[in-house]
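what shape does this take:
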Amino acid sequence: MEYGAQGRTTQKWAGNVTVWQIASDSCPECGYAWWWPRRSDPTAREIAIAVFDPRSGQGAASAALQRFETVAAASGITALCGQVNGNRAETGLRVRNWLTKHEFRLFDRSTIPFWPQLSDGDYLRRYPFPVYLRKTITPASR
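Just a heads-up that it's a prediction; the model follows:
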């Protein structure tokens, strides 16, 4: 069974936020994925992916991320950025680990004493506040 973004924009919101519906052959609505320009870097996009619980763990988020990467590479977007707000094991830590598995790297670390000395892995596991991850996108060859 394959899950993934349909590849069509379902709605454009104000402020250049674009949302895609994530669907599969067996489910017309598995979740949603959206992106918007990063204020500090117009060639980067902030991303968010939400998969409904019954479809979680079946590849929908990975397919949506792959779609983001394909569209980004073809349109001159150089980076995808994500924010994960907490480190609770059942939610935030799982997402932090998922993003690093998909080649996202930490950026914009806390400068509060102690936190800068931690390894990336320890920082992701232990930092209780939002973390910021970024993935560089290679432009599509023409």
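
Ala73 and Cys27, how far apart?
According to CB to CB, to the nearest Å, Ala73 and Cys27 sit 27 Å apart. Backbone N, C-alpha and C define where each C-beta goes, glycine included.

same question for Ala48.
Taking CB to CB, one finds Ala48 at 20 Å from Cys27.

would you map the strands across this structure?
Using DSSP state E, the strands of the chain run over 3-13, 17-24, 31-38, 41-51, 79-84, 105-107, 131-136.

this protein - how does it break down into domains?
1-77, 87-137 (automatic domain parsing).

now render these as JSON lines, adding mean pLDDT and mean neighbour count.
Shown next, in JSON lines, are those (pLDDT from 0 to 100; neighbours: other CB atoms under 10 Å):
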{"stretch": "domain 1-77", "mean pLDDT": "79", "mean neighbour count": "16"}
{"stretch": "domain 87-137", "mean pLDDT": "92", "mean neighbour count": "14"}
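
and of the strands of the chain, who's closest to Val95?
strand 79-84 (5.0 Å; CB to CB).

tell me the buried residues in that closest one?
Using 16 or more other CB atoms under 10 Å as the test for burial, strand 79-84 gives Ala79, Leu80, Cys81, Gly82, Val84.

any chance of the residues you listed in TSV, with pLDDT and distance to Phe107 too?
TSV is the format used below for those (pLDDT from 0 to 100; distance: CB to CB, whole Å):
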residue	pLDDT	distance to Phe107
Ala79	97	9
Leu80	97	12
Cys81	96	8
Gly82	94	10
Val84	93	13
